[in-house]
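> Sequence first, then the predicted structure, then my questions.
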Amino acid sequence: MSSSVRSGGPGTQGLAPQGGLALDAAGGASEAPPAATAPTRIFLRLVVNGAPHSLEIDPRESLLDVLRERLDLTGTKKGCNQGACGACTVLVGERRINSCLALAALYQDARVTTIEGLSAPDGELHPLQAAFIAHEGFQCGFCTAGQIVSGVACIAEGHAGSADDVRHWMSGNICRCGAYPGVVAAITEVGGRKLP
Ligand code: FES
Ligand code: FES
């Protein structure tokens with residue numbers, strides 16, 4: 001017979017009720033280690049549209065919710081909230097991301113640009129915003145902030161050389177109104193210019 005000692009069957013060895021006593025390998029009582037607990041609040045620093053922010057957030061909050069609910073930047077829209085529609089697109093640095101899928105806690109000190117940050121301080125529209133108006137690149141407008149922010153990145157990436165390019169590289173931004181012809185025309189037109 002084996003000389004090894006088991007203190008019980010599977011599911012009992014080392015079982016440690018929170019804050020109570022546990023059985024050690026020899027079956028004796030020992031103080032259980034405190035249960036690990038996740039932090040309930042964390043501090044987050046962001047630079048959004050050039051303005052620094054420091055706020056206390058729930059570590060489970062998405063970047064989209066922080067922008068909309070905490071910083072009142074409601075231009076960025078919540079459509080599907082699962083990465084499928086692009087309505088929540090923002091720039092982090094130069095990169096476009098779906099902010100609904102971005103855990104805000106992972107963006108410490110990030111530089112974020114939303115639709116509110118594209119126009120000039122005197123209110124002059126970004127050339128792509130003006131082009132969306134000129135080409136009627138929207139109907140209800142719900143997808144438009146995401147389309148424009150994504151379009152700015154699409155142009156900066158060099159992916160706006162042709163209408164086919166734009167259709168391909170903007171395929172993550174869905175428009176339920178079907179305003180695609182205007183969207184593609186606006187981005188292709190501005191992509192063919194030298195932006196300041
Ligand atoms: S709301 Fe983020 S992708 Fe749809
Ligand atoms: S303009 Fe209505 S969803 Fe695009």
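Sure thing, it's come through. Here the structure is a predicted model, which means the values were calculated and not measured. Ligands and ions are numbered 1, 2, ... in the order given.
> how about the residues of the protein near ligand 1?
Of all the residues in the chain, those in contact range of ligand 1 (Cβ under 6 Å from any ligand atom) are K78, G79, C80, N81, G83, A84, C85, G86, A87, C88, N98, C100. In this view, the C-beta of every residue, glycine as well, is placed from N, C-alpha and C.
> Double-check R193 against P127; I have them as touching.
Yes. Counting by Cβ atoms under 8 Å, R193 touches P127, with 7.1 Å between them.
> Comparing the two, which residue is more hemmed in?
Under the neighbour definition other Cβ atoms under 10 Å, R193 and P127 were set side by side, and P127 has more, 17 against 11.
> how close does that one get to ligand 2?
P127 sits 20 Å away from ligand 2, taking Cβ to the nearest ligand atom, to the nearest Å as the criterion.
> Compute the distance between that residue and ligand 1, please.
According to Cβ to the nearest ligand atom, P127 and ligand 1 sit 25 Å apart.
> Tell me how far that residue lies from P34.
57 Å (Cβ to Cβ, to the nearest Å).
> Just among the residues of the chain next to ligand 1, which is most surrounded?
Most surrounded of these: other Cβ under 10 Å gives C88, at 28 neighbours.
> if I look at that residue, how far off is L64?
C88 is 5 Å from L64, where distance means Cβ to Cβ.
> Could you tell me which residues touch both of those two?
Contact with both C88 and L64 is made by residues T76, K78, N81, S99, C100, according to Cβ atoms under 8 Å, 6 or more residues apart in numbering.
> Which of these fall in helices?
With DSSP state H as the criterion, helices contain none of these.
> Quick one: these as CSV, columns for distance to H168 and pLDDT too.
Written out in CSV, the entries for these read as follows (distance: Cβ to Cβ, whole Å; pLDDT from 0 to 100):
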residue, distance to H168, pLDDT
T76, 24, 98
K78, 25, 98
N81, 25, 98
S99, 22, 98
C100, 22, 98
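> Kindly tell me how buried the nearest residue to H126 once chain neighbours are set aside is, as a neighbour count.
Excluding the flanking residues, the one nearest H126 by Cβ to Cβ, 6 or more residues apart in numbering is L118, at 4.0 Å. With neighbours defined by other Cβ under 10 Å, the count for L118 comes to 19.
> can you check L103 too?
Neighbours of L103 under the rule other Cβ under 10 Å: 12.
> Which helix or which strand is home to R96?
Counting by DSSP states H and E, the element that carries R96 is strand 95-98.
> Which strands or helices does that strand pack on?
Secondary structure elements in contact with strand 95-98, counted by 3 or more Cβ pairs under 8 Å, 6 or more residues apart in numbering; DSSP states H and E, are strand 89-92, helix 144-156.
> Same list, these, but as CSV with distance to ligand 2 please.
What follows is the helices and strands packed on strand 95-98, written out as CSV (distance: least, Cβ to the nearest ligand atom, whole Å):
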stretch, distance to ligand 2
strand 89-92, 13
helix 144-156, 6
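> any chance of these in CSV, with mean neighbour count too?
Below are the helices and strands packed on strand 95-98 laid out as CSV (neighbours: other Cβ atoms under 10 Å):
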stretch, mean neighbour count
strand 89-92, 24
helix 144-156, 25
